[in-house]
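Asker: structure here, sequence nowhere to be found:
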Ligand SMILES: [Mn+2]
C-alpha cells in the first residue's frame with residue numbers, strides 16, 4: 001500500500017450498514033475483480049473491485065467476502081477468503097497477505113483460504129434460502145466480459161437452483177453514496193494532491209511541448225505524493241482537441257495562443273478526485289478565450305450555489321442549462337430565434353454543451369448513484385459545466401468536486417486556481 005493504513009473501523013461501519021439491510025435468512029457474496037489479461041503472459045495493473053474494497057479494504061486479487069446477517073455474534077457476520085501465501089508465488093509477485101494481516105486491514109476475524117471457498121460456501125448455503133449477489137449495474141457500462149460475481153451467479157443458478165437470488169447492488173449503492181468522515185478525508189487528500197500537481201505543472205507549459213509532457217509532469221507529482229496514479233485516463237487536450245469530450249491520446253503539439261483543457265485527478269487510497277481547468281498556451285488568454293472562459297466560470301458559480309441537501313442532480317442541471325443558454329446568447333453563438341424555434345428534445349444549447357453537469361465521486365470517479373438521488377450531507381458530486389466551440393478551437397470546461405454538508409457545500413478543490421488572473425499569474429510565475 002502506498003498510503004498509511006486506513007482504520008478498519010471504516011470497513012466495519014461499511015459492513016454494518018449493508019448487514020442492517022439484509023434479511024436474516026440471507027447471505028451476501030462479494031467477489032474481487034479479476035486480474036485482466038493483456039497479451040502474452042501479462043496482466044493489466046490490478047485494481048480492486050470498488051465494492052469489495054469498500055467492505056474490506058483488501059486490495060488483493062481472488063478475495064471473496066461472505067456476509068451472514070443472521071449470525072448470532074458480530075464476529076461471525078463476515079467471512080473473508082484470501083489466497084494462501086505460497087513461496088512459489090511470492091518469489092515472483094512479492095509477499096501476499098497473511099491471515100493476520102487480512103484481519104488487521106479488514107477488521108474481519110474469520111479469515112479462510114480461497115481454495116476452501118466452495119466447500120465452506122456450500123455448507124453455509126445449506127442453512128440459508130436467499131443469496132444476495134453483486135453486479136455492476138451502471139447503466140452506461142457496455143461489456144462482453146463477465147465479472148467474477150456474474151460467473152458465480154451462473155454457478156449458483158446451476159448448482160443450487162432452489163435458492164432465491166437477490167440483487168446486492170441497490171443496497172451497496174445506497175451505502176456508498178453517503179461517505180463516512182474517513183472517506184471524505186481520503187477524497188480531500190486526493191483533491192489536495194491534484195491541486196498541488198496542477199500548481200507545480202502549469203508554470204512549465206510552453207508552446208512546442210507535447211500534451212503528454214504535461215501528463216508526465218502531473219503523473220510525476222501524483223506518484224511522488226502517494227497517489228496510486230490517475231483516477232482515470234487524463235485528458236490533456238490542446239486547441240481543437242479541447243472540444244473532444246473524452247480525448248485521451250494526449251499526443252499533439254501545443255500551439256501558440258491556444259488553450260489546453262486538462263481534465264485529471266489523482267487516485268489516493270482507491271478514492272478519486274476529478275478536476276478540470278483550462279490554461280492559455282501563451283502567457284495570457286486571448287480576448288475571445290477570456291469571454292468563453294468567464295461565461296463557463298459564471299455557470300460553474302451559479303450551478304454550485306444550487307447544490308445542497310434536498311435537491312437532485314437532475315433538478316439543478318435544469319438551471320445549468322438555462323445559464324449556459326443565456327451565456328451562449330451573450331457570446332453570439334445562439335440567437336433568440338434559435339431558441340424559439342428549437343425542437344422539443346433537441347434544445348439549441350446542445351450544440352455547445354452536450355454532457356451532464358454532475359456525477360457522484362467516491363471510490364470510482366463516476367461513483368455509484370443516479371441523477372435523481374436526493375442529495376444528503378456526506379455525498380460528493382462533481383460540478384462541471386462547459387462550452388465547446390469546435391470551429392473556433394475553444395473548448396472550456398471547469399470542474400470542482402463538491403461535498404454536501406448540513407450547512408451548505410464545500411468545494412474540495414477550493415485552492416486550485418480558477419480565476420483568469422490566478423491562472424495567468426501561475427503561467428507567468430517562472431519568468
Ligand atoms: Mn468529472
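Answerer: Great, that's in hand. Note that the coordinates shown come from a computational prediction; the quantities given were computed from them, not determined experimentally.
Asker: the helix or strand hosting residue 150 - contacts with which helices or strands?
Answerer: Element membership for residue 150, per DSSP states H and E: helix 148-159. Applying 3 or more CB pairs under 8 Å, 6 or more residues apart in numbering; DSSP states H and E, one finds that helix 148-159 contacts strand 26-31, strand 130-133, strand 164-167. Where you see a C-beta, it was placed from the backbone N, CA and C, and this is true even at glycine.
Asker: and these, which is most packed in?
Answerer: Mean neighbour count (mean count of other CB atoms under 10 Å) peaks for strand 26-31 among the helices and strands packed on helix 148-159, with a mean of 23.
Asker: give me the sheet partners of that one and which way each runs.
Answerer: When sheet partners are counted by DSSP bridges, strand 26-31 sits next to strand 64-67 (antiparallel), strand 130-133 (parallel).
Asker: and the angle from it to helix 148-159?
Answerer: Calculated by axes from the mean of the first three to the mean of the last three CA atoms, to 10 degrees, strand 26-31 forms an angle of 130 degrees with helix 148-159.
Asker: centre of the chain to strand 26-31, how far?
Answerer: Counting by CA atoms, centre = their mean, to the nearest Å, strand 26-31 is centred 24 Å from the centre of its parent chain.
Asker: now the helix or strand following it: average pLDDT?
Answerer: Sequence-wise, the next helix or strand downstream of strand 26-31 (DSSP H and E) is helix 50-56. The average pLDDT for helix 50-56 rounds to 98.
Asker: just the buried positions in stretch 76-90, please.
Answerer: Across stretch 76-90, burial judged by 16 or more other CB atoms under 10 Å covers 77, 78, 79, 80, 81, 82, 83.
Asker: surely the second one and residue 110 touch.
Answerer: Translated: residue 78. Yes. Residue 78 is within contact range of residue 110, at 6.7 Å (criterion: CB atoms under 8 Å).
Asker: secondary structure class of the residue of the stretch 301-431 of the chain found nearest the ion, three-state.
Answerer: Nearest residue of the stretch 301-431 of the chain to the ion, counting by CB to the ion: residue 382, 4.1 Å away. Counting by DSSP: H, G, I helix; E, B strand; the rest coil, the backbone at residue 382 sits in strand.
Asker: what about it, neighbour count?
Answerer: Neighbour count of residue 382, defined by other CB atoms under 10 Å: 25.
Asker: same check, this time on residue 415
Answerer: Per other CB under 10 Å, the neighbour tally for residue 415 reads 13.
Asker: what ranges does the stretch 301-431 of the chain have for its helices?
Answerer: Along the stretch 301-431 of the chain, the segments classed as helices by DSSP state H, counting those that start in this stretch run 313-330, 336-340, 420-427.
Asker: output the contacting helices and strands for the shortest one.
Answerer: Judged by 3+ CB pairs under 8 Å, 6+ apart, the packing partners of helix 336-340 are helix 313-330.
Asker: could you redo the last one with a cut-off of 7 Å?
Answerer: The contact analysis (3 or more CB pairs under 7 Å, 6 or more residues apart in numbering; DSSP states H and E) places helix 336-340 against no helix or strand.
Asker: can you give me how far it is from the chain middle?
Answerer: For helix 336-340, the distance to the chain centre is 37 Å (CA atoms, centre = their mean).
Asker: so for that helix, mean pLDDT?
Answerer: Per-residue scores along helix 336-340 average to 95.
Asker: same deal with stretch 96-115?
Answerer: Stretch 96-115 shows a mean pLDDT of 98.
Asker: run through the strands of the stretch 301-431 of the chain in chain order.
Answerer: For the stretch 301-431 of the chain, applying DSSP state E, counting those that start in this stretch gives strands covering 380-383, 386-389, 394-397, 400-405, 408-411.
Asker: residues in contact with the last one?
Answerer: Contacts made with strand 408-411 from outside it, assessed by CB atoms under 7 Å, 6 or more residues apart in numbering, are listed as 304, 307, 308, 400, 402, 403.
Asker: now do the buried residues in it.
Answerer: For strand 408-411, a neighbour-count test (16+ other CB under 10 Å) marks 409, 411 as buried.
Asker: pop the domain breakdown of the chain in here.
Answerer: Domain ranges of the chain: 8-176, 181-427, per automatic domain parsing.
Asker: just the ones you listed: most buried one?
Answerer: Comparing those by mean neighbour count (mean count of other CB under 10 Å), domain 181-427 ranks first with a mean of 19.
Asker: between the two ends of that one, what distance do you get?
Answerer: 35 Å (CA to CA, to the nearest Å).
Asker: for the nearest residue to residue 390 once chain neighbours are set aside, grab phi and psi.
Answerer: Once flanking residues are discounted, residue 390 sits nearest to residue 243: 4.4 Å by CB to CB, 6 or more residues apart in numbering. Backbone torsions of residue 243, given as degrees, to the nearest 10, read phi -90, psi -10.
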